[in-house]
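Novice: Could you look at this predicted model? Sequence included:
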Amino acid sequence: RCYLVASSTSGADRIARIALVATAKDRSVNELDIEFDAGPANLQIISPSNTSLAYPGPATDPENILVRVKVLGPLSLTPSGAGDLSVKGLIEDDFTVEVNSIDAPVKSAAYVGGEYWLVVQAPMQAADGLYVLDVALCENNYTDTKALSVLYGDYTFRHAVCMDLSGSMDYPSTKLDAAKQAALFYVDTVKSSDRFGLVSFTGNGAEPGPVDDAVAIGSTMFDANDVARFLLKAGITVYTAGGGTSIGDGLSVSQDIIDADPTPGPLIDTILLLSDGVQNEDLTWGNGTSIRNRFVGGGGAPGNDTIINTIAFGPDADTNLMSDIATSTGGQPSHIEVDVPPAPISGVAALTAPSASMFLRLGRSYLGGSEKAQRSERLVYREGTIAAGASDNVKLDLADVSVEDGMFYIFWEGAAGALDVSLYDPDSN
């Protein structure tokens, strides 16, 4: 536990004594190490950055952005093996944020996975463009800066979902079911003002050869309207697994439909890549390969600005590869474990439904990719179970009362049509 004291605090008001009470259930405990120290804090901005931008919208009508920071204490007070975890106990009033030296009010602060996530109201600017972000802690005693990390502008987002349908996706069978359901969920999260497309890839064993191990539904991108959502969902539901893993072909076709899309700018292009295995067919991603050069530049290729967010699915996924694809394109890597159903017991029906935990973890990752691509901030999240015939009342206390274009996503792992949902405003309407 660390306690922060601002340098402006008078000596009479500073911490003068710390009392510690230690209790133990076992009287045989004969060793207790206690260490005290004092030193400066270390503030680090995790995101946004110049490779992972924040998108508040137009300069004259900006929305909230999410700022993630770490606040570390003296190394002597960091327990062995704890990792880089922020000290606890800070609130939104402890932070100040500026964009282009203009105050950006911190609306809320939450401690999430060892970081502080700040919901920040981006200030208006004189013009669209890239601006610097400054974050300060405790009356500007500790500061950090990310140059050219907040991009203002009225952008259209183009999303391509790139799914691995190799043979390994069929073991366990729940893996492909969960991936398909999560992809259906992603289709629903895309904003109606954006464009999206769906690509699947496998491997046919005929390498080297043309880029023929991947296919895009309709060979194009679609407006995010109800008709397009229906068509993409219909395509997802009939997916089957088989063949090898040609990640490069999947990325190549995803970029092809982005490049062929005639939507006028300004634009932000993103690909969400899911794979459960190791690439074993051309095109392969690696230093100097044509597919990597297409995105990051090299070998005479200029590269592009497409952001690739990756989900490494299961223990056999090449997490190093997926992390390199994401980080080298300004994206976010994530990893989802696979729940293997227990061995069948004689006389007992085998498990065929997706594991709820795996199902929801994958759904969260798809939603995270959607949020990152669409510059959205998640204000609240709930997860739980409900018995057949039962009901539940979930109350959401939102600290941010000036939400614009708010969206609610409900991800249900049960049978379609089995869940009845009603949404009420604060006046119970």
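Specialist: Perfect, I can see it now.

Novice: OK, contacts around S193?
Specialist: Contacts for S193 (CB atoms under 8 Å, 6 or more residues apart in numbering) come out as T156, A224. C-betas here are computed from N, CA, C, even on glycine.

Novice: Which helix or which strand is home to it?
Specialist: If you go by DSSP states H and E, S193 is not part of any helix or strand.

Novice: Give me the pLDDT value at it.
Specialist: S193 carries a pLDDT score of 82 in this model.

Novice: tell me, which strand in this structure spans the most residues?
Specialist: strand 142-152 (DSSP state E).

Novice: could you say what helices and strands the helix or strand that that one is followed by packs with?
Specialist: Following strand 142-152 in sequence order, the next helix or strand is strand 156-164 (DSSP H and E). With contacts taken as 3 or more CB pairs under 8 Å, 6 or more residues apart in numbering; DSSP states H and E, strand 156-164 sits against helix 173-189, strand 195-201, helix 247-259, strand 267-275, helix 356-373.

Novice: again, 10 Å this time
Specialist: helix 173-189, strand 195-201, strand 214-216, helix 226-237, helix 247-259, strand 267-275, strand 307-313, helix 356-373 (3 or more CB pairs under 10 Å, 6 or more residues apart in numbering; DSSP states H and E).

Novice: For stretch 134-144, list every residue counted as buried.
Specialist: Neighbour counts over stretch 134-144 (16 or more other CB atoms under 10 Å) mark D134, V135, A136, L137, C138, Y142, D144 as buried.

Novice: Flag the least confident of the residues you listed.
Specialist: Lowest pLDDT within the buried residues of stretch 134-144 is found at C138 (80).

Novice: Pull the helix or strand hosting K107 out as PDB, backbone CA atoms only.
Specialist: Using DSSP H and E, K107 sits in strand 106-112. Backbone C-alpha positions of strand 106-112 (Å, rounded to 0.1, in the frame of the first residue of the first chain) are rendered in PDB as follows:
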ATOM      1  CA  VAL A 106     -11.600  13.800 -15.900                       C
ATOM      2  CA  LYS A 107     -15.100  12.500 -15.400                       C
ATOM      3  CA  SER A 108     -14.200   9.200 -13.700                       C
ATOM      4  CA  ALA A 109     -11.300   7.000 -12.800                       C
ATOM      5  CA  ALA A 110     -11.400   3.300 -12.300                       C
ATOM      6  CA  TYR A 111      -8.700   0.800 -11.200                       C
ATOM      7  CA  VAL A 112      -8.600  -1.900 -13.900                       C
END
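
Novice: wait, L232 sits on G218?
Specialist: Yes - counting by CB atoms under 10 Å, G218 is a contact partner of L232 at 8.4 Å.

Novice: Neighbour count for the two, which is higher?
Specialist: Higher neighbour count among L232 and G218: L232, with 23 against 14, using other CB atoms under 10 Å.

Novice: dump the residue contacts of that one.
Specialist: Residues near L232 by CB atoms under 10 Å, 6 or more residues apart in numbering: 161, 183-184, 186-187, 190, 196-198, 217-218, 222, 224.

Novice: packing partners for the longest strand of the chain?
Specialist: Short answer (3+ CB pairs under 10 Å, 6+ apart): strand 142-152 packs on strand 42-47, strand 54-57, strand 64-72, strand 95-99, strand 129-137.

Novice: With V71 as the reference, name the closest of the helices and strands packed on strand 156-164.
Specialist: Closest to V71 of the helices and strands packed on strand 156-164, according to CB to CB: helix 356-373, at 22.8 Å.

Novice: Skipping adjacent residues, who's closest to D316 in space?
Specialist: In space, and not counting its chain neighbours, D316 is closest to G277: 5.6 Å by CB to CB, 6 or more residues apart in numbering.

Novice: For M169, see how far away that neighbour is.
Specialist: For G277, the distance to M169 equals 8 Å [CB to CB, to the nearest Å].

Novice: neighbour count winner among those two?
Specialist: M169 (29 against 20).

Novice: Verify the stated contact: the more buried one with G203.
Specialist: No - between M169 and G203 there is no contact under CB under 10 Å: 11.9 Å.

Novice: Overlap in contacts, those two.
Specialist: G242, G243, T245, G277.

Novice: Give me the three-state assignment for the second one.
Specialist: Okay, so that is G243. Recorded secondary structure, G243: coil (DSSP: H, G, I helix; E, B strand; the rest coil).

Novice: So what does it look like in phi/psi?
Specialist: phi 90, psi -170 (degrees, to the nearest 10).

Novice: Can you tell me, leaving aside adjacent residues, what's nearest to it?
Specialist: T202 is the one closest to G243 (CB to CB, 6+ apart), at 3.6 Å.

Novice: Then R229?
Specialist: Nearest residue to R229 in three dimensions, chain neighbours excluded: V187, at 5.4 Å (CB to CB, 6+ apart).

Novice: What's the local residue count around that neighbour?
Specialist: Neighbour tally, V187, other CB under 10 Å: 23.

Novice: Distance of it relative to W117?
Specialist: Counting by CB to CB, the gap from V187 to W117 is 26 Å.

Novice: What of D170?
Specialist: 37 Å.

Novice: who has more neighbours, these two?
Specialist: W117 (19 against 15).

Novice: I'd say the more buried one and A110 touch.
Specialist: Yes - contact criterion CB under 10 Å: W117 and A110 qualify, at 5.0 Å.

Novice: picking that back up, mind putting the shared contacts of M169 and G203 into a markdown table with distance to M322?
Specialist: Below are the shared contacts of M169 and G203 laid out as a markdown table (distance: CB to CB, whole Å):
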| residue | distance to M322 |
| --- | --- |
| G242 | 21 |
| G243 | 19 |
| T245 | 12 |
| G277 | 11 |
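
Novice: And V21, how far from K70?
Specialist: Distance from V21 to K70, by CB to CB: 29 Å.

Novice: Which one of those two is surrounded by more residues?
Specialist: K70 (17 against 4).

Novice: separation between that one and L184?
Specialist: Distance, K70 to L184, using CB to CB: 35 Å.
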